[in-house]
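# No letters, just coordinates:
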């Protein structure tokens with residue numbers, strides 16, 4: 001399962017898998033949480049519903 005991290009200073013969202021930055025659909029960052037959920041659904045990947053904020 002991937003974790004979503006919100007990079008507070010930039011406002012971007014990334015996903016982490018096994019402690020490393022991961023990509024979904026060829027993207028490694030998104031501007032909104034909804035975009036992350038859409039990418040995860042399109043890739044048929046489980047993503048945690050808890051968001052880590054930095």
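All right, it came through fine. What you are looking at is a predicted structure, and each value in this text was computed from that prediction instead of being measured.

# which residues in this structure form strands?
2-7, 12-17, 20-22, 47-53 (DSSP state E).

# Tell me which of these lies nearest to residue 35.
strand 12-17 (7.4 Å; Cβ to Cβ). Any C-beta I mention is one placed from the backbone N, CA and C, and that applies to glycine too.

# contacts for that closest one?
Contacts to strand 12-17, defined as Cβ atoms under 8 Å, 6 or more residues apart in numbering, come from residues 1-7, 21-24, 28-33, 35-36, 40, 47, 51.

# roughly how far is it from the heart of the chain?
Distance, stretch centre to chain centre, for strand 12-17: 3 Å (Cα atoms, centre = their mean, to the nearest Å).

# Likewise for stretch 24-31?
The answer for stretch 24-31 is 7 Å, by Cα atoms, centre = their mean.

# What are the buried residues along that stretch?
Judged by neighbour count (16 or more other Cβ atoms under 10 Å), stretch 24-31 contains these buried residues: 24, 30.

# What's the mean pLDDT across stretch 8-26?
Computed over stretch 8-26, the mean pLDDT rounds to 96.

# Name the residues of that stretch that come out as buried.
Using 16+ other Cβ under 10 Å as the test for burial, stretch 8-26 gives 13, 14, 15, 24.

# Leaving out chain neighbours, which residue sits closest to the last one?
Okay, so that is residue 24. Residue nearest to residue 24 in three dimensions, not counting chain neighbours: residue 39, with 4.1 Å by Cβ to Cβ, 6 or more residues apart in numbering.

# any idea which residue of the protein is furthest from its center?
Using Cα atoms, centre = their mean, the residue of the chain lying farthest from its centre is residue 9. It sits 15.9 Å away.
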